[in-house]
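[1] using only what follows, build the 3D model:
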Amino acid sequence: MYPTENKFGIDEFRRLKKVLAHRPDTSIRLITKDNYKYFLFEFQPDVDEYLQEHNKYSHLLKSHNVEVYELSQYVHRNSDLLNRLPNLAYMHDIAVASKHGAILSKMSSGGRQHEELVVREAFQNMGMPILYEFSEGDQFESFLILSSQTIFIANTERHSANSIKKFIQFMLGYYEEIIYVEVPQERRFMHADMFCSRMTQNLIIAYLPAFLKSWHITHKGQEEIDFKQFMKSRMIDIISISDDEQRKWGCSFVALEPGVIINYDISLNQQTINTLEHEGIKFIHFHPEALLAGGGSLRCLTFKMWRE
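    Numbering: from 1, shown residues only. Have a look, this model is predicted:
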């Protein structure tokens with residue numbers, strides 16, 4: 001029986017049931033004080049502590065009745081790549097599970113090149129259909145699904161305009177509308193979840209200074225919008241976080257279900273936590289140390305396969 005069992009996709013914001021993760025037992029040991037920047041790490045990780053914290057997070061998910069699948073169990077042909085790509089731990093960046101099938105990113109050159117090849121094999125062995133793959137020369141790392149009708153695409157330093165244009169044209173065949181945002185071309189905004197994420201059906205947390213320009217795109221055309229006002233017209237509130245909170249992954253967390261959040265305990269200040277708790281948000285805090293070496297959040301470590 002395939003792990004997907006014909007159940008995949010996160011379009012409907014419901015209870016998180018299945019995720020795919022990767023504990024980089026072998027590849028993480030390749031990172032040294034001389035090459036950590038090539039692998040896009042912030043510093044050389046303490047290997048034992050990194051893997052221990054990764055285990056702790058996996059156990060936390062399981063304790064909340066989330067099924068956690070290990071990438072390496074579904075990779076055979078590309079096992080060599082698996083063992084020399086430490087950033088495969090950051091599964092969220094490499095693919096998105098829509099109800100129509102998976103969208104595979106085209107990872108940047110250097111330390112993340114070819115990660116999508118490993119994940120593609122795993123999807124094939126798991127029974128996960130693939131909806132879209134990018135071509136050679138493309139550059140596109142991840143996007144957000146806001147609902148069964150709406151996706152959110154940001155032009156970050158990990159995307160190219162031509163790759164985005166082709167993807168938008170394709171995805172309009174599956175989604176009614178696309179929100180497209182231009183953001184500063186900086187590492188801190190490298191993926192959309194670094195500055196925008198939904199917490200409930202009617203609440204988004206965002207770092208609004210990152211939104212340089214925003215557009216609403218449909219089959220009928222496109223129009224420039226004010227993102228906050230546009231969402232307000234949809235009865236969706238936005239709470240904006242500070243510069244410091246954004247840099248500490250304040251927008252990047254794992255929602256177990258609408259309103260129940262697993263996040264780094266360093267991400268948000270107490271005032272923001274109080275505001276969100278007043279809105280009904282419940283937090284499950286996780287303290288990172290060694291995981292900070294990779295420059296990613298718990299969400300980055302998590303490919304969300306299915307919400308029920």
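
[2] okay, CA-based contacts and neighbour counts for the rest of this
    Noted.

[3] how close does the nearest residue to F140 once chain neighbours are set aside get to D93?
    By the measure of CA to CA, 6 or more residues apart in numbering, the closest residue to F140 outside its immediate chain neighbours is H159, 4.3 Å from it. Going from H159 to D93 by CA to CA, to the nearest Å gives 12 Å.

[4] repeat for D34
    For D34, the distance to D93 - CA to CA - is 24 Å.

[5] which of these two has more neighbours?
    D93 (29 against 9; other CA atoms under 10 Å).

[6] surely that one touches E141?
    Yes. Using CA atoms under 8 Å, D93 is in contact with E141, at 5.9 Å.

[7] joint contacts of those two?
    S105, H191 (CA atoms under 8 Å, 6 or more residues apart in numbering).

[8] which residues touch stretch 238-248?
    188, 194-195, 203-208, 228, 231-232, 250, 266-269, 272.

[9] now with 6 Å?
    For stretch 238-248, contacts defined as CA atoms under 6 Å, 6 or more residues apart in numbering pick out L203, I204, I205, A206, Y207, S267, L268.

[10] out of those, which two sit at the greatest distance?
    Spatially, the most separated pair among the contacts of stretch 238-248 is L203 and S267, at 17.9 Å (CA to CA).

[11] pLDDT value on M1, please?
    What the model reports for M1 is a pLDDT of 53.

[12] which of the contacts of stretch 238-248 fall in strands?
    Among these, the members found in strands (DSSP state E) are L203, I204, I205, A206.

[13] got the contact list for the first one?
    For L203, the contact set (CA under 6 Å, 6+ apart) comprises I236, D237, I238.

[14] give me the distance between the closest residue in space to E186 that isn't next to it in sequence and R198.
    The spatially closest residue to E186, leaving aside those adjacent along the chain, is E157, at 6.2 Å (CA to CA, 6+ apart). Between E157 and R198 the distance is 22 Å, computed by CA to CA.

[15] ok, these two, which is more surrounded?
    Legend: neighbour count by other CA under 10 Å for E157 and R198, higher for R198 (26 against 19).

[16] where does the more buried one fall, secondary structure wise?
    strand 196-200 (DSSP states H and E).

[17] got any ranges where the stretch 1-150 of the chain has weak pLDDT?
    Applying pLDDT under 70 to the stretch 1-150 of the chain picks out residues 1.

[18] ok, which stretches of it are helices?
    For the stretch 1-150 of the chain, the helices defined by DSSP state H, counting those that start in this stretch cover 47-63, 79-82, 115-126.

[19] residue contacts, S214?
    Contacts of S214 by CA under 6 Å, 6+ apart are Y180, V181, E224, I225.

[20] any idea which element it lies in?
    strand 213-218.

[21] pairing partners for the strand holding R198, with directions?
    Applying DSSP bridges to the sheet, strand 196-200 is found paired with strand 203-206 (antiparallel).

[22] alpha carbons of the strand it pairs with, as PDB, please.
    Below are the C-alpha coordinates for strand 203-206, written out as PDB (Å, rounded to 0.1, in the frame of the first residue of the first chain):
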ATOM      1  CA  LEU A 203      -6.000  35.200  10.000                       C
ATOM      2  CA  ILE A 204      -2.600  35.600   8.300                       C
ATOM      3  CA  ILE A 205       0.600  36.600   9.900                       C
ATOM      4  CA  ALA A 206       3.000  38.600   7.700                       C
END
